[in-house]
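Asker: with the input below, show me the fold.
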Amino acid sequence: MQDYFHPTFVITMKDGSVMEGELYPEHAPQSVGNFISLANSGFYDGLIFHRVIHDPGRRSAGHRHGWPRLFHPWRV
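Answerer: Next up is the predicted model:
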(Lines give C-alpha, C1' and ligand atoms only; values in the text may rest on other atoms or scores of the structure.)
Protein backbone atom coordinates (compact mmCIF):
# COMPACT_ATOMS: atom_id res chain seq x y z
CA MET A 1 0.00 0.00 0.00
CA GLN A 2 1.34 3.40 -0.99
CA ASP A 3 1.47 6.19 1.60
CA TYR A 4 0.15 9.54 0.44
CA PHE A 5 0.94 13.02 1.61
CA HIS A 6 -2.31 14.84 2.35
CA PRO A 7 -1.89 18.57 1.74
CA THR A 8 -3.85 20.85 4.02
CA PHE A 9 -5.34 24.29 3.45
CA VAL A 10 -6.63 27.14 5.57
CA ILE A 11 -9.35 29.57 4.48
CA THR A 12 -9.69 32.76 6.51
CA MET A 13 -13.11 34.38 6.33
CA LYS A 14 -13.79 38.10 6.27
CA ASP A 15 -14.85 37.97 9.94
CA GLY A 16 -11.52 36.34 10.89
CA SER A 17 -12.89 32.84 11.45
CA VAL A 18 -10.88 30.03 9.94
CA MET A 19 -11.78 26.85 8.08
CA GLU A 20 -9.16 24.14 7.67
CA GLY A 21 -9.27 21.20 5.30
CA GLU A 22 -7.28 18.24 4.07
CA LEU A 23 -6.92 17.11 0.45
CA TYR A 24 -6.72 13.49 -0.74
CA PRO A 25 -4.72 13.22 -3.97
CA GLU A 26 -5.04 9.44 -4.04
CA HIS A 27 -8.79 9.87 -4.64
CA ALA A 28 -8.83 12.96 -6.86
CA PRO A 29 -5.32 13.71 -8.14
CA GLN A 30 -6.40 16.14 -10.86
CA SER A 31 -8.77 18.08 -8.60
CA VAL A 32 -6.22 18.32 -5.81
CA GLY A 33 -3.55 19.45 -8.27
CA ASN A 34 -5.88 22.07 -9.73
CA PHE A 35 -6.88 23.36 -6.29
CA ILE A 36 -3.25 23.68 -5.17
CA SER A 37 -2.20 25.35 -8.42
CA LEU A 38 -5.06 27.87 -8.25
CA ALA A 39 -4.46 28.58 -4.56
CA ASN A 40 -0.75 29.15 -5.13
CA SER A 41 -1.51 31.53 -8.01
CA GLY A 42 -3.76 33.67 -5.79
CA PHE A 43 -6.95 32.73 -7.65
CA TYR A 44 -8.95 32.28 -4.43
CA ASP A 45 -7.67 35.46 -2.72
CA GLY A 46 -10.69 37.66 -2.02
CA LEU A 47 -13.04 35.26 -3.83
CA ILE A 48 -16.55 35.10 -2.40
CA PHE A 49 -17.68 31.52 -1.85
CA HIS A 50 -21.29 30.40 -1.56
CA ARG A 51 -22.84 31.34 1.75
CA VAL A 52 -22.83 28.94 4.66
CA ILE A 53 -26.19 28.37 6.31
CA HIS A 54 -25.82 27.60 10.00
CA ASP A 55 -29.37 26.27 10.38
CA PRO A 56 -29.35 22.57 9.39
CA GLY A 57 -33.17 22.56 9.32
CA ARG A 58 -33.34 25.18 6.57
CA ARG A 59 -34.44 23.88 3.21
CA SER A 60 -33.26 24.98 -0.22
CA ALA A 61 -33.94 23.91 -3.81
CA GLY A 62 -31.35 21.13 -3.52
CA HIS A 63 -33.28 19.48 -0.72
CA ARG A 64 -36.16 18.71 -3.07
CA HIS A 65 -33.84 16.50 -5.11
CA GLY A 66 -32.39 14.21 -2.45
CA TRP A 67 -29.29 16.31 -1.72
CA PRO A 68 -29.50 16.00 2.09
CA ARG A 69 -28.71 12.31 1.91
CA LEU A 70 -25.61 13.02 -0.15
CA PHE A 71 -24.20 15.93 1.83
CA HIS A 72 -25.83 15.81 5.26
CA PRO A 73 -25.21 12.42 6.90
CA TRP A 74 -27.14 13.45 10.03
CA ARG A 75 -30.31 13.46 7.92
CA VAL A 76 -29.97 9.93 6.50
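Asker: what does stretch 5-24 rub up against?
Answerer: Residues from elsewhere that reach stretch 5-24 (C-beta atoms under 8 Å, 6 or more residues apart in numbering): 4, 25, 32, 35-36, 39, 44, 49. Every C-beta, even on glycine, is put in place using the N, C-alpha and C of the backbone.
Asker: considering those residues, which member attains the minimum pLDDT?
Answerer: Sorting the contacts of stretch 5-24 by pLDDT puts residue 49 at the bottom of the list (73).
Asker: please tell me how far that one sits from residue 7.
Answerer: Applying C-beta to C-beta, to the nearest Å, the value for residue 49 to residue 7 is 19 Å.
Asker: for this structure, which segments count as strands?
Answerer: Ranges of strands within the chain are 8-12, 18-22, based on DSSP state E.
Asker: let me have those strands in JSON lines, extended by mean neighbour count and mean pLDDT.
Answerer: Putting these into JSON lines (neighbours: other C-beta atoms under 10 Å; pLDDT from 0 to 100) gives the following:
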{"stretch": "strand 8-12", "mean neighbour count": "10", "mean pLDDT": "92"}
{"stretch": "strand 18-22", "mean neighbour count": "9", "mean pLDDT": "93"}
